[in-house]
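K.L.:
pasting a predicted model and its sequence here:
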Amino acid sequence: MTTDTTPTYRLTQFAHGGGCACKIPAGELEDIVRGLIGTPGPELLVGLEAGDDGAVVQVRDDLAVISTADFFTPVVDDAYDFGRIAAANALSDVYAMGGRPVVAINLVGWPRDVLPTELLREVLRGGADVASSAGCPVAGGHSIDDPEPKYGLAVTGLADPDRLLRNDNARVGMPISLTKPLGVGVLGNRHKATGEVFPEAIASMVALNDEASRAALAAGLTTATDVTGFGLLGHLYKMVRASGVSAVVDASAVPYLDGAREALRDGYVPGGTRRNLDWVRPQLEATVDEDELLLLADAQTSGGLLVVGGLPGAPVIGEITPRGAHALSVR
């Protein structure tokens, strides 16, 4: 009789947080970069000003290049799934701009004296598999010896400069659609604390936003962002602020992953989720309770697209309204 003595590593235990919940808080980040925008040239179609999902440079009358990067600490324990989720999350920024990813490079931090390099290989394999499914080759990258494991991609995409999805073009009277359910933040925090696995959450995070992006473009829509670390409320606030409008959210229409409300009830709320709500609260009018607001502010990793306009199969969760005393209303 033999005994398997191969050690099992829980990647989430080697980082202080997980996924996009580890973002620097939105308000703090805005204070850091304030005044660093510089003077954009005529080729820069989208820069730092509106806090959009990627930078866009026009290189021809009919062609624009999208540049973006995203990486984070493990949101799940499984190395292969971590790679898949991080890659899908990074590619999402290109889709959120209405583009098509064409090449990516790896961004890696790894505690090489603590975690075996075989695990890193699995992370990279997961990222490469998801990028391959997107038709986006991964061509090299950069790695450092890091006390915490981190992984992501820098991605280059292509788009039609006249058919971009931006976050500063929301128009009054249009519906707001959401293409993935919320809840991966609280479920991820439960996973980190208990080791419980939530297959539906993993499936949601590894799913690409390519079809939603193409559907938005086909419908002639012009405004979108993806829902990641700043939560639905945080990303919607950035959108309406950039567009000079307000928004009403119908809380009862927002979809959630199975187990999300139970995870909230049991106290598995990421610190990033609470910071998100604190950031938008001065701009918020709400008739729902604090738990509902926490779910709406939940820090997502590789979330769906938040699109101004109707999309087949995507629930309408609210409407763009004229700018009022509050940027956001939740009912």
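P.N.:
Great, that's in hand.
K.L.:
would you map the helices across the stretch 1-150 of the chain?
P.N.:
Taking DSSP state H, counting those that start in this stretch as the test, the helices found in the stretch 1-150 of the chain are 26-33, 79-96, 117-133.
K.L.:
in the shortest one, what counts as buried?
P.N.:
Residues of helix 26-33 classed as buried by neighbour count (16 or more other Cβ atoms under 10 Å): Ala26, Gly27. Backbone N, C-alpha and C define where each C-beta goes, glycine included.
K.L.:
give me the helices and strands touching that helix, please.
P.N.:
helix 271-280 (3 or more Cβ pairs under 8 Å, 6 or more residues apart in numbering; DSSP states H and E).
K.L.:
contact partners of the helix it packs on?
P.N.:
With contact meaning Cβ atoms under 8 Å, 6 or more residues apart in numbering, helix 271-280 is reached by 17, 20-23, 25-27, 185-186, 229-231, 233-234, 237, 293-294, 297-299, 327-328.
K.L.:
from the chain's centre, how far out does that helix sit?
P.N.:
On the basis of Cα atoms, centre = their mean, to the nearest Å, helix 271-280 sits 15 Å off its chain's mean C-alpha point.
K.L.:
with stretch 64-73 instead?
P.N.:
Taking mean C-alpha positions (Cα atoms, centre = their mean), stretch 64-73 and its chain are 11 Å apart.
K.L.:
buried sites along it?
P.N.:
Those would be Ala64, Val65, Ile66, Thr68, Ala69, Asp70, Phe71, Phe72, Thr73, for stretch 64-73 by 16+ other Cβ under 10 Å.
K.L.:
can you pull the pLDDT of the residue positioned nearest the centre of the chain?
P.N.:
Nearest to the mean C-alpha position of the chain, counting by Cα atoms, centre = their mean, stands Thr228 at 2.6 Å. Looking at Thr228, its pLDDT reads 97.
K.L.:
deepest of the helices of the stretch 1-150 of the chain, which one?
P.N.:
Ranked by mean neighbour count, the helices of the stretch 1-150 of the chain are led by helix 79-96 with a mean of 28 (mean count of other Cβ atoms under 10 Å).
K.L.:
okay, the angle between that helix and helix 117-133?
P.N.:
If you take axes from the mean of the first three to the mean of the last three Cα atoms, to 10 degrees, helix 79-96 sits at 30 degrees to helix 117-133.
K.L.:
quick thing: my sequence starts at 45, can you match it?
P.N.:
With the count now opening at 45, the last piece we talked about shows up as helix 123-140.
K.L.:
helix 123-140 packs against which elements?
P.N.:
strand 107-116, strand 144-154, helix 161-177, strand 194-203, helix 243-250, helix 254-262, strand 268-270, strand 349-352.
K.L.:
what's downstream of the shortest one, the next helix or strand?
P.N.:
Proceeding C-terminally, strand 268-270 gives way to helix 275-287 as the next helix or strand, assigned by DSSP states H and E.
K.L.:
mean confidence score for that following helix?
P.N.:
97.
K.L.:
again, but for stretch 336-345
P.N.:
98.
K.L.:
quick one: contacts of the lowest-mean-pLDDT helix or strand in the chain?
P.N.:
Ranked by mean pLDDT, DSSP states H and E, the weakest helix or strand in the chain is helix 70-77, scoring a mean of 85. Helix 70-77 is contacted by residues Lys67, Ile68, Leu92, Gly95, Phe274, Gly278, Lys282, Arg319, Asn320, Trp323 when judged by Cβ under 8 Å, 6+ apart.
K.L.:
looking at these, which is nearest Pro366?
P.N.:
Taking Cβ to Cβ as the measure, Pro366 lies nearest Lys282 of these, at 18.3 Å.
K.L.:
and the gap between the nearest residue to the closest one once chain neighbours are set aside and Arg78?
P.N.:
Nearest non-adjacent residue to Lys282, counting by Cβ to Cβ, 6 or more residues apart in numbering: Gly95, 5.1 Å away. Distance, Gly95 to Arg78, by Cβ to Cβ, to the nearest Å: 11 Å.
K.L.:
where does pLDDT dip in the protein?
P.N.:
45-51, 81-84 (pLDDT under 70).
K.L.:
give me the domain ranges for it.
P.N.:
The chain breaks down into these domains under automatic domain parsing: 55-203, 219-374.
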